[in-house]
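Peer 1: Compute the structure for the input listed below.
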Amino acid sequence: MGQANHEIEILLVEDNPNDAELAMRAFTKNKLANNIVRVCDGEEALDYIFARNPYNYRDRLNIPKLILLDLKLPKVDGLEVLKIIKGNAVTKLIPVVVLTSSHEEKDMVESYRLGVNSYIVKPVDFDKFIGSVRDIGLYWLLMNQLPDIKNLIK
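Peer 2: Below is the predicted model of the structure:
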């Protein structure tokens, strides 16, 4: 809870503890992100993003630079989370990368229809997974430019 005033670089929405740990280690190993927050289900992701319930201490305008979103989540699935994020005037600007094990074409099509920025199927191989996470971080955290959210809501 000490991160209330710190810029959050990545919100990792992942219920699988092994995949979450691999992603966290990959970002740390490649020195790509200092502030990574992990939530374990879709409901918690929405609470965090909209600064409500256990996260009501957060500044709602301190949005993540990037959301890594699994699709197969408990409570609220990833597609519903994506729909809500992309349906809000402020949060729709947050880049969302679906990082999922789903190879289903319908999941990919629906993700893009809802406004996802990128859809990546999780590699099973550890080195490929580390490389994928590194590449995601290099692009979305270092290369991509976002407008200042505070200027958009005045």
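Peer 1: Which stretches in the chain count as helices?
Peer 2: Counting by DSSP state H, one finds helices in the chain at the ranges 17-29, 42-49, 78-86, 105-113, 126-137, 149-152.
Peer 1: per-residue pLDDT, the nearest residue to residue 42 once chain neighbours are set aside?
Peer 2: Leaving aside its chain neighbours, residue 42 sits nearest to residue 76 (3.0 Å; criterion: Cβ to Cβ, 6 or more residues apart in numbering). C-betas here are computed from N, CA, C, even on glycine. Predicted confidence (pLDDT) for residue 76: 96.
Peer 1: Then residue 10?
Peer 2: Listed pLDDT for residue 10 reads 87.
Peer 1: do the same with residue 69
Peer 2: pLDDT at residue 69 comes out at 95.
Peer 1: That one and residue 99 touch, don't they?
Peer 2: Yes. If you go by Cβ atoms under 8 Å, residue 69 and residue 99 touch, sitting 6.9 Å apart.
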